[in-house]
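In: fold the following, please.
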Amino acid sequence: MSDREIECCDSTEVHEELLRIVEKTMPEETELYDLAELFKVFGDSTRIRILFVLSSAEVCVCDLARALNMTQSAISHQLRILKQNKLVKSRREGKSVFYSLADGHVSTIIAQGREHIEEE
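Out: Numbering: from 1, shown residues only. Reported below is the predicted structural model:
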């Protein structure tokens, strides 16, 4: 059997007790939808690169553009998506706007994702 094949049960047997546990713990459909939408935001490598930079330091758009070798316009577009999804926050200082991660959850999600892909 290859790694790509999915093993299935040899017979159909419904485990009612397990299904009751699932029914009690399953979030509402709207919450599952919102969670899926959040993970879509992490599905873009440019946004992941931005989040990695912001996990190290609070930086302005100019610095992000330089660090990632991208235009300020492209960075701003991605920051808008990240901000709408409450993954980054901003603050103005004079003529500059500095961005940082919204909270510790964001860096935890990234760290756990890295751990997962590094597992054997």
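In: helices of the chain, start to end?
Out: Remark: helices assigned in the chain by DSSP state H are 16-25, 29-41, 45-56, 61-68, 72-84, 104-118.
In: export those helices to CSV and append columns for mean neighbour count.
Out: Using the backbone N, CA and C atoms, a C-beta is placed for each residue, glycine as well. Listed next are the helices of the chain as CSV, based on neighbours: other C-beta atoms under 10 Å:
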stretch, mean neighbour count
helix 16-25, 9
helix 29-41, 11
helix 45-56, 16
helix 61-68, 16
helix 72-84, 15
helix 104-118, 11
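In: mind putting those into JSON lines with mean pLDDT?
Out: Formatted as JSON lines, the helices of the chain follow (pLDDT from 0 to 100):
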{"stretch": "helix 16-25", "mean pLDDT": "91"}
{"stretch": "helix 29-41", "mean pLDDT": "95"}
{"stretch": "helix 45-56", "mean pLDDT": "95"}
{"stretch": "helix 61-68", "mean pLDDT": "95"}
{"stretch": "helix 72-84", "mean pLDDT": "96"}
{"stretch": "helix 104-118", "mean pLDDT": "94"}
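In: pLDDT wise, what is H15 at?
Out: Looking at H15, its pLDDT is 88.
In: centre-most residue in the chain?
Out: For the chain, the residue nearest the mean C-alpha position is F42 (3.5 Å; C-alpha atoms, centre = their mean).
In: ok, that residue - contacts?
Out: For F42, the contacting residues are 48, 109, 113, by C-beta atoms under 8 Å, 6 or more residues apart in numbering.
In: and the end-to-end length of stretch 79-94?
Out: 19 Å (C-alpha to C-alpha, to the nearest Å).
In: hmm, who's touching that stretch?
Out: Residues outside stretch 79-94 that contact it (C-beta under 8 Å, 6+ apart): 37-38, 41, 47, 50-51, 54, 61, 64, 97-102, 106.
In: also stretch 18-30?
Out: Outside stretch 18-30, the residues that touch it by C-beta under 8 Å, 6+ apart are L35.
In: hmm, 10 Å instead?
Out: 15, 32-35 (C-beta atoms under 10 Å, 6 or more residues apart in numbering).
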